[in-house]
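**Student:** Predicted structure and sequence below. I'll ask about it afterward.
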Amino acid sequence: MSVPHWEILGDSVQGPAKVRNQDWYETDAPADDVLVLAVADGHGSAAYTRSHLGARFAVDVFMRCGRAFAERARAPEDLRRLRHAAGHWLPREIVRDWQEEVRRHLRDHPLGDGSDDAAAFSPYGTTLLGAVLVPGLFAAWQLGDGDLMVVEADGSVGAPLAPAEPELGDETESLCAPRAWELMRVHWAPVADPDRMPRCVSLSTDGLSKSFAAQEGFIQFVRELNERLDTVGADGIREALPGWLAHAGTYSGDDTTAVAAWRRPAGSEDDSGDPRERLRRDPAHPQAVPPENTHPQDAPHPHETEN
Amino acid sequence: MSGMLDNGARLTIDDGHEAVVTGMLGAGGQGEVYRVSTDQGEKALKWYYPACATAEQRKIVEELVGRDFDDDRFLWPHAFVTGRGDGFGYLMDVRPDRFKGLPALFRRRLRTTPQALVTAGLHMVEAYQALHSRGIAYRDISWGNIFFDPATGDVLVCDNDNAVVEGEASGITGTMEFMAPELVRGDVGAIPGTQTDLHSLSVLLFMLLMNHHPLKGRAELAIRCLDEAAERKLYGKSPLFIFDPDDSRNAPDPTEQGTVLATWATAPPALRKLFIQNFTEGLRDASRRVRESQWRDALSEVRDTIVVCASCGRQNMTEPRSATARACWSCGRTLLLPPRLVITTPPPRTERHVRLGHAARLHAHHVRAEPPRHDYTDATLVAELVEHPKKPGKFGLANRSDAAWTARRSDGTSQTVAPGQTLPLRSGLAVNLAGAEAVVRAD
């Protein structure tokens, strides 16, 4: 997908030993300069028999709520109120709407084991990671594992929603937990200067980061992804992405899903147009590498960047 | 970084010195907080978003800086800072890592104890009381601007840049779920001040001790889409306490809100009574809100009578003046109540009850009628319960003060206990502690 200032990439690959892909993702640019991105990872253990559906519902709900939030954020509003909406209203709305989706599905497809209402959510258990970018604001929400990685305008790479402390006990954070909205982590980053919007934002399920031996390797991967996007453009990376995710899955064994939004460098020729235009205009340009040459081995490969 | 200031950015402090940005600490609704390097060492800088860097906000910050408020419970603005353009901000101390935010508590990411939570509540009350006694209203009390040490209960109040002198205008009216109902409704003549702070403080205490909002019961669960109109109804137009003894329409849902049912059951009646008063009569009549001094006394008493369950080792809050043992909230066994030390302070005579459980400690505030604040550090230690080194199971009260005590046994004989000496504990023992009379009671 291409919008005036952003390129969006995304793909999902089933884990090698999985019966089905329990991840889901979606991206949207409902207006110029507005991005809504989401990934979800349905829980993998046997009890979560419908988690692939739970993940899908979670993404659908986030996209709906995220678009509404983006619309609100684009209108002039007191920043404190908007922050309150981001921190309190949206998490609750997401959980409520997700529960409603699950209830609706249960009505048509009962579990048949007499589960009570609260317990009935469990088979649909899933994580959720979503982001909204509008002029002046970058906000993201996370419940459970997964990785929001941000390449800032100055090139630094951060993971703003990484938990500050490791989880206590063995409770998994999930949309199916009681009062799950209270477990949601929120990234809130007003951007007063448009030039300081992040250069690249990626959301991925933990199948990707777990394929690295250490967090440093994953950070390096994100850094190089952004660099490759700067040099090669989005099309080449888009072509290579499924291969990288599949390769990552062979290490983590998990379903692997990633979406990324990349902002073309300010002042670049195609800043306000389709980046593919440049490839067509300048086929001899060294950066205009045909997608077939963007081989996974040449690319910022998950396991070749960690050492 | 996406923030307004780059690392290395140089700003001017009002004393003419320089502050250099070294990293970003966070972003809020009004501005961003940075770590900066100054000739006074490392500080935190709050820098306002352009839309919030108004002349009015500038006046408030300059006034707060000018107050030169020195209290270790507050991260107070202590220097005004400007940049090249119209932007401005202020310096404060960096929040030490040991202080954690309340959202982490609610998300079960902190290990703490009932004692630390009660202590934190007590310190919060005294911190706001200190502010109010100086004629300053905080106006923005919420879980986002108070931090506490989960080990000790020490607190740190941040984001003090919306505190204003009582009666003065401020653009801030607080966060709706902490706002007094009359402010949420926008009643004519209702303005944020110390009276409305009392409501916010009670909400904060309830959330700290009960892990839940006092008005979020079934009515909240029934809200399909939580938005401004729904919040206005919940917190302003139809506020109803979830444990209102005369109206159960907003009682907690046992499935979705089971936590608060459990925490409420562990709270001693002394605390429940104040919460009920504040969130029933106090919702309708501001003059019936629980005052800081009432909270302080109740929390102080509850802290002094926390009992460790002999079976499972969990801390239990007990009813301060009751001799009836209740069941442990964790294992269900009946608690064994340790002896009680009843202290009567010099005039105005105040009675304090302290359970002499394992490692019980008495501090300077225990022997004073109206202590300026409760301080549980070693610096204020007066006495502590110690076990006899050669006779396990025999306990005594060690004199940790710098003055001798006079003890009076039940047979009428007296004994002087010099600093460092230990007085064997027995029922009926009376001792004069720095002018306060203390008696050991078996119940």
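**Tutor:** Looks like it came in fine. The shown structure was predicted, so the numbers you read here are calculated from the model rather than taken from an experiment. Numbers count the residues shown, from 1 in each chain, chains lettered A, B, ... in the order given.
**Student:** Can you tell me the closest non-neighbouring residue to residue 145?
**Tutor:** Just going to use chain A. Nearest non-adjacent residue to A:D145, counting by C-beta to C-beta, 6 or more residues apart in numbering or on different chains: A:D206, 4.4 Å away. In short, each C-beta sits where N, CA and C put it, glycine included.
**Student:** not what I meant, chain B
**Tutor:** For B:N145, the spatially nearest residue (C-beta to C-beta, 6+ apart) is B:D159, at 3.9 Å.
**Student:** Can you name the helix or strand that the residue in chain A that chain B sits nearest to falls in?
**Tutor:** Taking C-beta to the nearest C-beta as the measure, the point where chain A comes nearest chain B is A:R80, at 3.4 Å. Applying DSSP states H and E as the criterion places A:R80 in helix A:79-84.
**Student:** How is chain B partitioned into domains?
**Tutor:** If you go by automatic domain parsing, the domain ranges for chain B are B:10-92, B:100-296, B:338-441.
**Student:** Nearest to chain A within the stretch 101-250 of chain B, name that residue for me.
**Tutor:** Closest contact between the stretch 101-250 of chain B and chain A, by C-beta to the nearest C-beta, is at B:L226 (5.0 Å).
**Student:** List the contacts of that residue.
**Tutor:** Contacts for B:L226 were tallied using C-beta atoms under 8 Å, 6 or more residues apart in numbering or on different chains; they are A:H88, A:W89, A:R92, A:E93, A:R96, B:E220.
**Student:** what are the phi and psi angles of it?
**Tutor:** phi -80, psi 110 (degrees, to the nearest 10).
**Student:** Strands along the stretch 301-443 of chain B, start to end?
**Tutor:** Shown for the stretch 301-443 of chain B, the strands assigned by DSSP state E, counting those that start in this stretch span residues B:307-308, B:315-316, B:340-344, B:351-355, B:361-363, B:381-387, B:395-399, B:405-408, B:414-417, B:422-424, B:430-433, B:436-441.
**Student:** between those, which gets nearest to B:E182?
**Tutor:** Between B:E182 and the strands of the stretch 301-443 of chain B, the shortest gap by C-beta to C-beta is with strand B:351-355, which sits at 35.8 Å.
**Student:** that older thread, could the contacts of B:L226 go into CSV alongside distance to B:W264 and secondary structure?
**Tutor:** Listed next are the contacts of B:L226 as CSV, based on distance: C-beta to C-beta, whole Å; DSSP: H, G, I helix; E, B strand; the rest coil:
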residue, distance to B:W264, secondary structure
A:H88, 23, helix
A:W89, 26, helix
A:R92, 22, helix
A:E93, 27, helix
A:R96, 25, helix
B:E220, 16, helix
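**Student:** For the helix ranked longest in chain A, which helices and strands make contact with it?
**Tutor:** The helix of greatest length in chain A, counted in residues with DSSP state H as the criterion, is given as helix A:51-74. Under the contact criterion of 3 or more C-beta pairs under 8 Å, 6 or more residues apart in numbering or on different chains; DSSP states H and E, helix A:51-74 touches strand A:23-31, strand A:34-41, helix A:90-108, strand A:128-134, strand A:137-143.
**Student:** The same query, at a cut-off of 7 Å, please.
**Tutor:** Contact here means 3 or more C-beta pairs under 7 Å, 6 or more residues apart in numbering or on different chains; DSSP states H and E; on that basis helix A:51-74 packs against strand A:23-31, strand A:34-41, helix A:90-108, strand A:128-134.
**Student:** Now tabulate these in TSV and tack on distance to chain B and mean neighbour count.
**Tutor:** Formatted as TSV, the entries for the helices and strands packed on helix A:51-74 read as follows, by distance: least, C-beta to the nearest C-beta, whole Å; neighbours: other C-beta atoms under 10 Å in any protein chain shown:
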stretch	distance to chain B	mean neighbour count
strand A:23-31	19	21
strand A:34-41	14	28
helix A:90-108	5	18
strand A:128-134	10	28
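**Student:** Need those in JSON lines (columns: mean pLDDT).
**Tutor:** Below are these laid out as JSON lines (pLDDT from 0 to 100):
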{"stretch": "strand A:23-31", "mean pLDDT": "94"}
{"stretch": "strand A:34-41", "mean pLDDT": "96"}
{"stretch": "helix A:90-108", "mean pLDDT": "93"}
{"stretch": "strand A:128-134", "mean pLDDT": "97"}
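**Student:** for those, which one sits closest to B:P103?
**Tutor:** The stretch from those with the least distance to B:P103 (C-beta to C-beta) is helix A:90-108; that distance is 11.4 Å.
**Student:** Residues contacting the closest one, please?
**Tutor:** Around helix A:90-108, the neighbours that count as contacts under C-beta atoms under 7 Å, 6 or more residues apart in numbering or on different chains are A:53-54, A:57-58, A:61-62, A:65, A:69, A:120-121, A:124, A:141, A:175, A:180-181, A:184, B:225-226.
**Student:** Show me which of those residues are buried.
**Tutor:** Of all these considered here, the ones buried according to neighbour count by 16 or more other C-beta atoms under 10 Å in any protein chain shown are A:53-54, A:57-58, A:61-62, A:65, A:69, A:120-121, A:124, A:141, A:175, A:180-181, A:184, B:226.
**Student:** any weak-confidence spans in the chain?
**Tutor:** No chain specified, so I'll use chain A. Applying pLDDT under 70 to chain A flags residues A:1-4, A:114-119, A:164-172, A:266-307.
**Student:** I was after chain B.
**Tutor:** Low-confidence segments of chain B, defined by pLDDT under 70, are located at B:1, B:162-175.
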